[in-house]
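> sequence and predicted model, in that order:
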Amino acid sequence: MLDKLRNIFQIPELRRRLGWTALMFAVYRLGEHVPTPGVNAKALAGAFESQRGTLFGLYDLFVGGAFSRATIFALGIMPYISSSIILQLLGAVVPYFEKLRKEGEEGQKKLTQLTRYGTVFISIIQSFAYSVFLVNMGASRGLSVVPDPGFLFTFSTIITQTTGTIFVMWLGEKITEIGIGNGISLIIFLNILGRAPNAVFAAVDSFRGGTLSLFTALFVLTLMVLVIAAVVLMTQAVRKIPVQYAKRIVGRRMYGGSNTHIPLRVNTAGVIPIIFASSVMILPTTVAGFMPPGSPLAGLSQWFSPMGFLYNFFYGLIIVFFTYFYTAVVLNPNDLAENMRKYGGFVPGIRPGRKTAEYIDRVLSRITLPGAIFLALIAVLPDLIIARTGLPFLGFGGTSVLIVVGVALDTLQQIESHLLMRHYEGFVKRGRIRGRQRM
């Protein structure tokens, strides 16, 4: 392993990319500590404690705590992700966006530009709502979170947060362009891992204070290892559909005649269904937090408590639904079958065209079910066990594990490709193919 790590720094281009990525990370972490003008940070910290189990607490997780501290990166990269998801969903129902998606590089440039415009628009709306949220949260709890509320504070917050989001978006694109790649995902990865040191120190303090037993700590550490192993297994799991290409003669050359496969992931949707479901399920608790104590809607927080059976039952069902929905959006069996037919490909034993599309859809529906159930279990069970044991050092549950493991695997594959291109041995050992390949 040490030799493989040493190989990374022997490649000038890879060394430069890693250096740029580290520099971008440092700039981002520095910006996370620059406060928004006009906000009392101490009062905000006390007022935000009651928001940990709401939608704002989930948002704060993805931006590395910048939301609860009201820094200039409080919105983080989430407006960009929201804009990207909206355009992906529009691509399934609006012909114009579907046409852009099929136009190759030029269409991708237009979609990227539209995503940027959507990011600015969503940032303006969210920054305005954030300024109202800060003022109302302080007023409802008798705390001076915003000492001087008014038009000037709202305007400055909109300008500051929108500019901060645009800058974070630029950082993510630069990490993708001149860094190691996957810039947007790496920023979320950095935000989640940024909380880990404080959680570990809190666990050590609990252990020294006697509130945390050695047996409980070992149990949860074992649980973490098992959950991470399961996430890696399901993230890498694929169902390979064999495809053959018929031989065809163009001029004096013969093309085709090769065998390949279509890799269908068991977890095609990734962590998106959990993010959607979390937003839906936490919304009632968030609404209840703004209601007066005597209001009928104030009881929603008790019915939809994260530790209750009703909450977790509907949470799992919504995750399964969104898994199928998002998989159908990002992967169209009709397009796969049509592309195969154009290039002379076919699935052995299946007629090209509509029959192939039906076969791919049937296989995709079957493998999506275990993936959806796995997402539901990984989102519900770790959080329940962590809450029951009261352990502070597991600062992230199933959602965070999925994001961290997925981004880590993608980054590892990026580094692997650079090593293999220069004839270095990668991190992943691959089995050698024995025997002759049949033509």
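All right, it came through fine.

> going forward, measure contacts and count neighbours with C-alpha atoms only.
OK.

> what pLDDT does A230 get?
The confidence metric pLDDT takes the value 85 at A230.

> I'd say S127 and T162 touch.
Yes. S127 sits in contact with T162 when judged by CA atoms under 8 Å, with a separation of 6.7 Å.

> who has more neighbours out of these two?
Neighbours per residue, other CA atoms under 10 Å: of S127 and T162, the larger number sits with T162, 28 against 23.

> so what's that one up against?
If a contact means CA atoms under 8 Å, 6 or more residues apart in numbering, then T162 has 120, 123-124, 127 as its contacts.

> what strand or helix carries it?
Under the assignment given by DSSP states H and E, the secondary-structure element containing T162 is helix 151-178.

> now do that helix, average pLDDT.
In this model, helix 151-178 has a mean pLDDT of 91.

> which SSE is immediately downstream of that helix?
Going C-terminal from helix 151-178, and assigning secondary structure by DSSP H and E, you next hit helix 183-193.

> which residues touch that following helix?
In this structure, residues lying in contact with helix 183-193 by CA under 8 Å, 6+ apart are 25, 61-65, 77, 169, 171-176, 396, 400, 403-404, 407.

> hmm, back to that, next step: the contacts of T162 restricted to helices.
Secondary structure from DSSP state H places 120, 123-124, 127 of the contacts of T162 in helices.

> H33: which of these is nearest?
Checking the ones in helices among the contacts of T162 against H33 by CA to CA gives S127 as the nearest, at 17.7 Å.

> distance of that closest one relative to M78?
The spacing between S127 and M78, counted by CA to CA, to the nearest Å, is 12 Å.

> any idea how many residues pack against L44?
Summarising burial for L44: neighbours were counted as other CA under 10 Å, giving 20.

> I meant K342, not that one.
Burial of K342 is recorded as 10 neighbouring residues (other CA under 10 Å).

> need phi/psi at it.
Backbone dihedrals for K342, given as degrees, to the nearest 10, come out at phi -60, psi -40.

> report the contact partners of it.
The neighbours of K342, taking CA under 8 Å, 6+ apart as the test, come to nothing; the list is empty.

> so that it lines up with my notes, have the first residue be 22 from now on.
With 22 as the first residue, the last one maps to K363.

> from I262, how far off is it?
Looking at K363 against I262, where the rule is CA to CA, the gap reads 18 Å.

> contacting residues for the closest residue to G128 other than its chain neighbours?
Take G128 and drop its neighbours on the chain: the residue closest to it by CA to CA, 6 or more residues apart in numbering is L121, 4.4 Å away. Applying CA under 8 Å, 6+ apart, we find L121 in contact with 127-129, 131-132.

> give me the subset of those residues lying in helices.
127-129, 131-132.

> so how far is N203 from F342?
Here the distance between F342 and N203 works out to 27 Å (CA to CA).

> higher neighbour count, those two?
A side-by-side neighbour count of F342 and N203, using other CA under 10 Å, places N203 first with 18 against 14.

> confidence score at the more buried one?
What the model reports as pLDDT for N203 is 80.

> show me what contacts it?
Applying CA under 8 Å, 6+ apart, the residues contacting N203 are 193, 196-197, 428, 431-432.

> from these, list the buried ones, please.
Among these, those classed as buried by 16 or more other CA atoms under 10 Å are 193, 196-197, 428, 432.

> ok, so of those, who is nearest V156?
Taking those together and measuring to V156 by CA to CA, the closest member is G193, at 30.5 Å.

> if we ignore the residues flanking it in sequence, what's nearest the closest one?
Going by CA to CA, 6+ apart, G193 has G204 as its nearest residue, at 4.1 Å.

> contacts for stretch 373-389, please.
Outside stretch 373-389, the residues that touch it by CA under 8 Å, 6+ apart are 260, 285-289, 344-345, 354-355, 357-359, 361-362, 366-368, 371.

> would you map the strands across the stretch 222-371 of the chain?
Under the criterion DSSP state E, counting those that start in this stretch, the stretch 222-371 of the chain contains strands at 259-266, 269-271, 274-276, 280-286, 366-367.

> so what's the model's average confidence on the longest one?
Going back to what we said before, that points to strand 259-266. 86.

> in that strand, what's buried?
Within strand 259-266, the residues that count as buried by 16+ other CA under 10 Å are 259, 264-266.

> can you put those residues in CSV and add distance to I106?
Putting these into CSV (distance: CA to CA, whole Å) gives the following:
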residue, distance to I106
V259, 24
V264, 31
Q265, 34
Y266, 34
